[in-house]
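J.: A structural model of the following input is requested.
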Amino acid sequence: MRKRIYEIIEKADSNDKASSIYDISMLFIIVVSLIPLFFKKDNAVFFIIDKVSVVIFIIDYLLRWITADYKNEKSGKASFIAYPFTFMAIIDLLSILPSLSIINKGFKALRVLRMIRALRVVRVFKIARYSKSFKIIANVLKNSRAPLLAVCVLAFGYIIISALIIYNVEPDTFDTYFDALYWATVSLTTVGYGDIYPVSILGRIITMISSIFGIAIVALPAGIITAGYMNEIGHSNIDENKDDEDII
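T.: Sure, this is the predicted structure:
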């Protein structure tokens, strides 16, 4: 029984209709559960949507928890302990907790805790569990984590150094080092809000150099992800062809 539940909720077989129906249904529920977040005021319909969806999310969470040993067979019974600490389990839990909040609106001191409602937006990340496209992107990021990490380190170092240089070149323009970091980040991404900018000739020269190098650094992740995506699509097509051959 648990094995069959696992096959349905984890989509073990592309030809499993029950699993496909489950994935489509969960995608629909996730999207519907986000509708109240587009409005400032609550009403009876939104209340029902929230409560029904959170009950379904709780059931889904529990089903995944009781079948965790099938997902990670190497860990055995330890899978039940480790599951709540996995990334997707944390996302699931964060999407559930805000709807279970029983904060009394009459207590002014507790009103600040209403911001927990904003955590419901993490439900959109649950889509990654049921969408094949998101799974492909997740695999791309996982397989390309080494070069992407190298680019992130490069970008972070470039921001730190650029901010340090401009902060010392124009101390009157940048009151704090954080302002310089903000400028360096905006320059690196070539956004250019224009709220903080250098006024000296040397400062402007540094800005131009920073922007030019920023274009190159920002372009690197796009190339890495694109190459990884194409490879993943190729592997996915090969696997699908093998499945079709096995069926024939």
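J.: and the helix or strand hosting I159, average pLDDT?
T.: Applying DSSP states H and E as the criterion places I159 in helix 145-169. Helix 145-169 carries an average pLDDT of 88.
J.: likewise stretch 51-59?
T.: 89.
J.: alpha carbons only: can I get that stretch in CSV?
T.: Only the C-alpha atoms of stretch 51-59 are listed here, as CSV (Å, rounded to 0.1, in the frame of the first residue of the first chain):
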residue,chain,number,x,y,z
LYS,A,51,-8.5,26.0,4.5
VAL,A,52,-9.2,23.4,1.9
SER,A,53,-5.9,23.8,0.2
VAL,A,54,-4.0,23.6,3.4
VAL,A,55,-5.7,20.4,4.4
ILE,A,56,-4.7,18.9,1.1
PHE,A,57,-1.1,20.1,1.6
ILE,A,58,-1.0,18.5,5.0
ILE,A,59,-2.2,15.2,3.6
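J.: pLDDT weak spots in this structure?
T.: Along the chain, the model assigns pLDDT under 70 to residues 11-14, 73-75, 101-133, 236-248.
J.: again, 80 this time
T.: 10-16, 37-38, 40, 42, 71-77, 94-95, 97-139, 189-194, 218, 232-248 (pLDDT under 80).
J.: longest single helix anywhere in it?
T.: The longest helix of the chain (DSSP state H) is helix 201-247.
J.: which strands and helices lie in contact with it?
T.: helix 132-143, helix 145-169, helix 177-188 (3 or more CB pairs under 8 Å, 6 or more residues apart in numbering; DSSP states H and E). C-betas here are computed from N, CA, C, even on glycine.
J.: switch those over to JSON lines; also include mean neighbour count.
T.: Below are the helices and strands packed on helix 201-247 laid out as JSON lines (neighbours: other CB atoms under 10 Å):
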{"stretch": "helix 132-143", "mean neighbour count": "14"}
{"stretch": "helix 145-169", "mean neighbour count": "16"}
{"stretch": "helix 177-188", "mean neighbour count": "20"}
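J.: and R2, how many neighbours?
T.: 11 (other CB atoms under 10 Å).
J.: with adjacent residues omitted, what lies nearest to it?
T.: Spatially, and ignoring its direct neighbours in sequence, R2 is nearest to T67 (5.3 Å; CB to CB, 6 or more residues apart in numbering).
J.: again, but for L141
T.: Closest to L141 by CB to CB, 6+ apart is L148, at 7.0 Å.
J.: so that neighbour sits against P221, correct?
T.: Yes: L148 lies in contact with P221 (CB atoms under 8 Å); the separation is 6.1 Å.
J.: got the contact list for N72?
T.: S79, A82 (CB atoms under 8 Å, 6 or more residues apart in numbering).
J.: er, L149 I mean
T.: No contacts exist for L149 under CB under 8 Å, 6+ apart.
J.: any idea how far I201 is from L188?
T.: Distance of L188 to I201, computed by CB to CB, to the nearest Å: 21 Å.
J.: next: N43.
T.: Taken as CB to CB, the span from N43 to I201 is 59 Å.
J.: do P36 as well
T.: P36 is 54 Å from I201, by CB to CB.
J.: I91 now?
T.: The value you get for I91 to I201, if CB to CB is used, is 50 Å.
J.: tell me which of these two has more neighbours.
T.: I91 (17 against 8).
J.: now name the helix or strand holding the more buried one.
T.: helix 87-96.
J.: that helix to helix 132-143, inter-axis angle?
T.: For helix 87-96 against helix 132-143, the angle by axes from the mean of the first three to the mean of the last three CA atoms, to 10 degrees is 130 degrees.
J.: output the contacting helices and strands for helix 87-96.
T.: So helix 87-96, by 3+ CB pairs under 8 Å, 6+ apart, packs with helix 44-66.
J.: go ahead and name everything in contact with the helix or strand just after the helix it packs on.
T.: Sequence-wise, the next helix or strand downstream of helix 44-66 (DSSP H and E) is helix 68-71. Helix 68-71 is contacted by residues R2, K3, Y6, E10, R64, S75, G76, K77, S79, F80, A82, Y83 when judged by CB under 8 Å, 6+ apart.
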